[in-house]
Each structure stands twice: as structure tokens, then as C-alpha cells.
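Chemist: Structure for the following, please:
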Amino acid sequence: MEIEVPVREPRSFSQIKRNHMHALRMDTVLFSIYYPCDPSSSTQSREGKPSKATWLPRPRTLTSKGYAKFFSIPHLPVTVYIAATTMFTKLPAFRNAKLAGDHAGDCPGAAPRPPSGAYSENTLAESGDKPRFPVIFFSHGLGGSRMCYSAICGELASNGIVVVAVEHRDGSGARSYVNIPPSGKLAECPSIGDANPRRFYKADYIFPLDNAQDTSPHNAQGVDTELRHAQIEMRMSEFEEVYYALQLLNNGHADLIYKNNLRKKGNARSSSRGLDGIDWSDWDDRLLLRNVTVMGHSFGGAMAVEIIRHNDRFPYIGQGILLDAWGRATPKVGKTRDGGAHYWMLTIKGSTHLSQFDFAILYPHWMSFFMKTMVNPKRAVGLTVNSSLEFLTRVLPLELTAGNSWIDEGILRTKVLVADELPHEHRPDSKWMASRLRIPNELRTRTSNWFRRKAKASAVATDIKGKPLIGLVNFPLGSEVWMHFSPDGEQRQDPIRLSEEVT
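Modeler: Okay, the predicted model is just below:
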């Protein structure tokens, strides 16, 4: 379901301005909730069939123009291409479906549950016969949105987790539309372009002045820390507002969410279904909000790092999952949690920065050609989700995961590598290390991989020496990932030094 509600205190962040107005303003928060549902009782559309959400957020044409602006290319070819390929692509998920009344079903290959992990003092027991679901807050990367990681969010939801994907209006998304609350209470009167000033305004991607390519690995000017740090601060404030909304939802005050929701029929950029058809009593006391996981990709990973640092501000955050975090955007000064935490660091072989982005599944050939991705995109999502579940199984208290039988592929039991075990034959020159991968006979290699993907849905994986492996059933443990650090690994490294090297 899709929710946009006014914030309690509209405000601006930093003194950064565009068109003589503050560029970072928080007036409302917008988020999508992916959750385990009872498919037999999903909300019906006018045609009598379950209603599904489209992948591309409304308004689709104008959103496509936002992506064109983000990529600094003419909007017409982008709009036409998206219209021809994914304009009406729908998620395999029902709108406003009934919340599941039991845990996710048992999974073949599920491993026995290990002893309870950390944070046991914050656990909550189940309420009656209905389970209470663990919660993940998801933060997108630059150019992303609440829908751009639907494959990961949906898979996690199918395993009995409520995933709250926030759409950040901090100028880091390609384009987002902010509905103006009926009260008209705003941080600042917005500069309206093609929009009705009484209804909504758009928040487009903000390029740093005189340093538009601050994300480039070899940009001489470096990262625009003033902008990026302000965006992280705004993102954290958005998460606080979303958490407050979830508390209302969980504590029997969902009527306030329904009443104040701005994504409804008659409002700009909204589905006609709004939040209609939801039985709000199903949500009473069903969320485990005292041990939330924060998860983010790229710039969202940088934001997750900062949240984890501030235990006093976010005491309800128990752990974090970082997907190829953009470390250079993370503030260097900040509080840290107490020691003793368990953490893993691994790389999916053949993956690139956008392998956890929905684009990898929607446009696999373009990803292979331009981004040099080798791994099967669906398998990359599977490895991401399954390793995340293995992590949560180890760190969440038993009370939070009781009843869930998550599959355990043994990904986190992969042996930690030493430096010379990494392959050298395809290692790029240092100048391309973080931006472009060049390998010999590239066209032939990638063309053969395309045919292999069509013939087989498994990953295009190799062993440690680069030799192709055939069939998932023949994969030895760890053949699809490189494990850089593990609390159970033989190699103990300084995590700060290792983090700097990976960054």
C-alpha cells in the first residue's frame, strides 16, 4: 500500500537554495509498504480481479522525463522507450491486500534456528494467534524511488517481513511529487512550474553547483559534502516521520493515517484506489517496532550507516544491511554504537553497482552491455535476499523470527578470502577500478553469457579461478560470492581499514 502523510513539523535542511528557495524541504513523507498478505482476500478491482500496482510511479510520462533529466539526455527518447518497455509493467503484488494471518510457510532447505542473537531485551511476544512481523526500513540510492527495489522488497515481504520503502524528497531521486496538505502548512511556499500551486509540487534531482559529477570516482573536486550530508540528515528525519506513522498504524490509530493520506482519488499523482478496502483492525499490534532493521543501497547505504551510528536518536534500530553503500557520502564524524556487533562483508561474483536495482531485471541486456554485469539478475536478487535472511536469523532474537522458516543456503558460512585468492586475470587498471570494467574478448564473453541466461535461469557464476560452474546444484559453498569479512572467519582484519579499502 502507498501512503503519503504530512509531517508533524515542516522544515528545511541546510542553506542550499535553487531558484532563490531552499532546495531541501520536508513537507510530507511518501512510502510504500510491502507486506505478507492473504492473497485469497485481496482487494478487488472494478473488473473483479485483484488490483496490482504499476512499477513506474504515477504520473508515468512525467516520471520518465524526470529520469531523462537525471541522466542528462533528451526526454523524448527516454519516455518513448520506457513507454514501450515498462510503462505498464505491474508488480506481482496486490494493492491493499489483507495482511497475512500467519507466518510465511515452511521453506524447503530451511536450517534449524540458531540460538537467540543480540538485543533480546527489546523483544516482543506474539499477540494471540496472529504473528507480529519484523520490520525493515528501505532507503533507495541516487536516482531511485520507493518502487525501484521492488524485487528485493517483495521477496523479503514474501518471507514474512514488512518492508517500508521510503521515497526521499531530498533531491536524490530522479523525480517525486509532493502533495500539499489541505492545511496548506509548508516549510516554504514552493516554486511551482507546471503544477497547480494549490495541489502539489515536484522534487527533482539536485545537481551540485559547479560539480555536477560529484559521484564520479575520480572527480577532482570530490563529493559535495555540504549537499550530501544535508540530504542524509533530511533522510533520517523522513525515517523518523515514517516510524511515527507506523506507530499510529500499529497502535490502533490507523484512522488518522487513512484520514490524512494524500495519495488518494482526487489528489495529484495518486492511484484511484488510495487506501480503500483495508481492514485496519488487522494491523493492530502486528508490527515489531522495537527492533527495526535499516537497509539501503548506494546512497541509501550511507544513510543507513549514519542511522546505525546514532543509537540515542534511533533506539529502535537494531541492525543494518548495506547494499554496495556509497561510503564517500557518509559523514566522517558521528557517534557509534557499542562494540560486540557481528557483521559480514561479501561480494556477489559478476555483480555491479545496479545489480540490486530493478533495472537489472527489467533491462538485463543493457545492464550487461553498459554496466558490465555478468551475474544472472534474478539470481543476484536471490543471493541478496537469502544472505539478508541468513543475517537476520543470526542477529534477531528468537522471539522475532519464531514461526519463520527462512531458507539457509550457507552463504554467510563462506570461507573468508585472503588477498591473493582473488582472481587477477580480469582485474581492471586502477583508473577504472570504481567506474568501468574492461576485460579481454568482452563482446564474445558477454554474448555467450546472454545465450546462457536464456537457456538456464541459474546464475552465470565462476569458481575462485574464474572457471564457469554448471547448475546451482553443483555449486560448492561460496562459489557465487567472495567473503571479505566474517565474525566466524579465519582472517581477522581491522574493519575500519577494510572499509576504507572497499570504499
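
Chemist: and residue 364, how many neighbours does it have?
Modeler: 16 (other C-beta atoms under 10 Å). C-beta: built from backbone N, CA, C; applies to glycine.

Chemist: Then residue 373?
Modeler: 25.

Chemist: what's the answer for residue 327, then?
Modeler: 14.

Chemist: ditto for residue 247
Modeler: Around residue 247 there are 13 residues (other C-beta under 10 Å).

Chemist: Name the helix or strand for it, please.
Modeler: Following DSSP states H and E, one finds residue 247 within helix 225-250.

Chemist: List the buried residues for that helix?
Modeler: 227-239, 241-243, 245-246, 248-250 (16 or more other C-beta atoms under 10 Å).

Chemist: Double-check that residue 295 belongs to a strand.
Modeler: Yes. Membership of residue 295 in a strand is supported by DSSP: H, G, I helix; E, B strand; the rest coil.

Chemist: Give the next helix or strand downstream of the helix holding residue 247.
Modeler: Downstream of helix 225-250 (by DSSP H and E), the next one is helix 254-260.

Chemist: Mind listing what's buried along that next one?
Modeler: 254, 257, 258, 260.

Chemist: what's it in contact with?
Modeler: Contact partners of helix 254-260, identified using C-beta atoms under 8 Å, 6 or more residues apart in numbering, comprise 3, 5, 6, 181, 245, 248, 249, 275, 278, 280, 283, 284.

Chemist: between the buried residues of helix 254-260, which is closest to residue 74?
Modeler: residue 260 (38.8 Å; C-beta to C-beta).

Chemist: Against residue 399, how distant is that closest one?
Modeler: 33 Å (C-beta to C-beta, to the nearest Å).

Chemist: which residues of the stretch 151-300 of the chain score low on pLDDT?
Modeler: The stretch 151-300 of the chain contains residues with pLDDT under 70 at 190-198, 268.

Chemist: Going along the chain, name the strands of it.
Modeler: 162-167, 175-179, 200-204, 287-297 (DSSP state E, counting those that start in this stretch).

Chemist: Of all pairs in the contacts of helix 254-260, which one is the farthest apart?
Modeler: Farthest pair in the contacts of helix 254-260 (C-beta to C-beta) is 181 and 284. Separation: 25.9 Å.

Chemist: Quick check: phi and psi at the spatially closest residue to residue 15 that is not a sequence neighbour.
Modeler: With C-beta to C-beta, 6 or more residues apart in numbering as the criterion, residue 15 has its nearest non-adjacent residue at 7.5 Å, and that residue is residue 22. When quoted as degrees, to the nearest 10, the phi and psi of residue 22 stand at phi -60, psi 130.

Chemist: Count the neighbours of residue 22 for me.
Modeler: 16.

Chemist: Could you number the chain from 102 rather than 1 from now on?
Modeler: I'll keep to 102 as the first residue from here, and by that count the last item is residue 123.

Chemist: circling back to that earlier point, now do the helix holding residue 348: which elements does it pack against?
Modeler: Judged by 3 or more C-beta pairs under 8 Å, 6 or more residues apart in numbering; DSSP states H and E, the packing partners of helix 326-351 are strand 103-113, strand 126-135, strand 234-240, strand 263-268, helix 355-361, strand 388-398, helix 400-410.

Chemist: circling back: which of the contacts of helix 355-361 are buried?
Modeler: Buried, going by 16+ other C-beta under 10 Å: 104, 106, 107, 282, 346, 349, 350, 376, 379, 384, out of these.

Chemist: for residue 125, what are its contacts?
Modeler: Contacts of residue 125 by C-beta under 8 Å, 6+ apart are 113, 114, 115, 117, 271, 272, 307, 331, 332, 335.

Chemist: What residues does residue 349 make contact with?
Modeler: Counting by C-beta under 8 Å, 6+ apart, residue 349 has contacts 355, 357, 358.

Chemist: Nearest to residue 237 among the residues you listed?
Modeler: residue 358 (19.2 Å).

Chemist: how far away is that closest one from residue 180?
Modeler: 34 Å.

Chemist: The stretch 402-551 of the chain: helices as residue ranges?
Modeler: Listed in chain order, the helices of the stretch 402-551 of the chain (DSSP state H, counting those that start in this stretch) span 460-463, 465-472, 478-496, 499-502, 543-556.

Chemist: Dump those helices to a markdown table, plus distance to residue 288 and mean pLDDT.
Modeler: Below are the helices of the stretch 402-551 of the chain laid out as a markdown table (distance: least, C-beta to C-beta, whole Å; pLDDT from 0 to 100):
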| stretch | distance to residue 288 | mean pLDDT |
| --- | --- | --- |
| helix 460-463 | 32 | 91 |
| helix 465-472 | 37 | 83 |
| helix 478-496 | 35 | 93 |
| helix 499-502 | 37 | 76 |
| helix 543-556 | 47 | 57 |
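
Chemist: Roughly how far does residue 411 sit from residue 421?
Modeler: According to C-beta to C-beta, residue 411 and residue 421 sit 12 Å apart.

Chemist: Can you pick out the residue with more neighbours from those two?
Modeler: Neighbours were counted for residue 411 and for residue 421 using other C-beta under 10 Å; residue 421 has more, 25 against 15.

Chemist: Tell me the pLDDT of the more buried one.
Modeler: Listed pLDDT for residue 421 reads 96.

Chemist: so what's residue 185 up against?
Modeler: Contacts of residue 185 by C-beta under 8 Å, 6+ apart: none found.
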